[in-house]
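> Just to be clear, the model below is a prediction. Sequence and coordinates:
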Amino acid sequence: MNSTTQTPDMLGVSNPFVRGYDNLSIERLLLITYANDCPPCFRSIHDSQAHLLDDALELFACLFNDDYALISEGQAIPDELDERCQSTGLVRQVIYAVMGEMLNERHHVGDLYSLEEAQALVHRLSFDTGHYSRAWEISTAHLTEDALRYLEHWAGSFSAGATGLLFEPFALPDCNGLGCKLIGTPWTDENLMKIEGRPYASLRQEQLDAGTPEALVNLLYLAALADVRLLIFDPDAAVLDGLVIFEE
């Protein structure tokens with residue numbers, strides 16, 4: 001039995017299955033200029049003034065600190081908030097920043113100049129379902145001989161691929177291909193703790209102990225981490241750049 005608990009990300013392997021962003025969101029930011037020799041900065045409007053429309057923010061004087069800004073021109077500011085803002089400036093523009101997550105890391109996707117434009121961008125990136133690129137067809141060259149035989153065995157078994165290991169192999173006889181239905185994705189510690197009550201290292205060890213070839217375990221992990229649900233292996237499909245290829 002294989003007792004290793006290392007995962008591909010621990011080994012510094014990039015994930016070629018990753019496409020796009022998760023948990024897209026929009027942040028309204030103020031572009032502020034202040035001292036002549038300082039570059040502009042970006043700050044969120046304080047919650048107490050979040051109701052103000054863009055026209056009541058742009059080209060108005062403000063107070064700000066490292067965390068937020070407050071419009072000082074024409075607005076009453078409580079003393080306790082005034083004391084926390086040591087800098088003064090001018091709001092030049094309201095920016096709608098689109099943010100997203102990729103493998104649990106937060107990324108700045110881009111800036112728009114109206115809420116409607118930002119909402120349209122989020123809609124185009126997320127689609128109605130909120131997910132895309134969840135089905136992949138890749139070459140069987142990414143499988144070792146052991147992995148190929150393992151999938152063929154389970155796809156043709158009486159139990160119809162029900163491994164009990166959060167993936168189910170199936171056969172595609174017309175193209176001499178094989179497929180895997182991945183269950184419970186993404187296989188992050190956070191998500192697996194919610195649905196299985198255990199981290200990924202525990203699932204990985206169970207898969208290895210059950211005789212799943214390590215190369216297949218690593219490949220399925222990369223796909224599942226990117227929230228892939230259907231993975232097709234076809235001898236005539238293209239190889240996926242960045243994924244290990246095994247020589248025949």
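Ah, there it is.
> And the helix or strand hosting residue 24, how far out from the chain middle?
According to DSSP states H and E, residue 24 maps onto strand 22-33. A distance of 18 Å separates the centroid of the chain from that of strand 22-33, by Cα atoms, centre = their mean, to the nearest Å.
> can you check stretch 33-51 too?
29 Å.
> what is the rounded mean pLDDT of it?
Averaging pLDDT along stretch 33-51 yields 92.
> ok, back up a step: list the strands paired with the helix or strand just after the strand holding residue 24, with their directions.
The helix or strand immediately downstream of strand 22-33 is strand 41-45, counting by DSSP H and E. Sheet pairing of strand 41-45 (DSSP bridges) gives strand 22-33 (antiparallel), strand 68-71 (parallel).
> Indicate which one of the ones you listed is closest to residue 122.
Minimum separation from residue 122 across these (Cβ to Cβ) falls at strand 22-33, 4.7 Å. C-beta coordinates here come from the backbone N, C-alpha and C atoms, glycine included.
> Can you mark which positions in that closest one are buried?
22, 24, 26, 29, 30, 31, 32 (16 or more other Cβ atoms under 10 Å).
> re earlier: looking at the strands paired with strand 41-45, which is closest to residue 214?
Per Cβ to Cβ, nearest to residue 214 of the strands paired with strand 41-45: strand 22-33, 27.6 Å.
> Not counting the closest one itself, show me its contacts.
Residues outside strand 22-33 that contact it (Cβ atoms under 8 Å, 6 or more residues apart in numbering): 40-45, 57, 62, 64, 69, 89-102, 109, 115, 118-119, 122, 125-126, 227.
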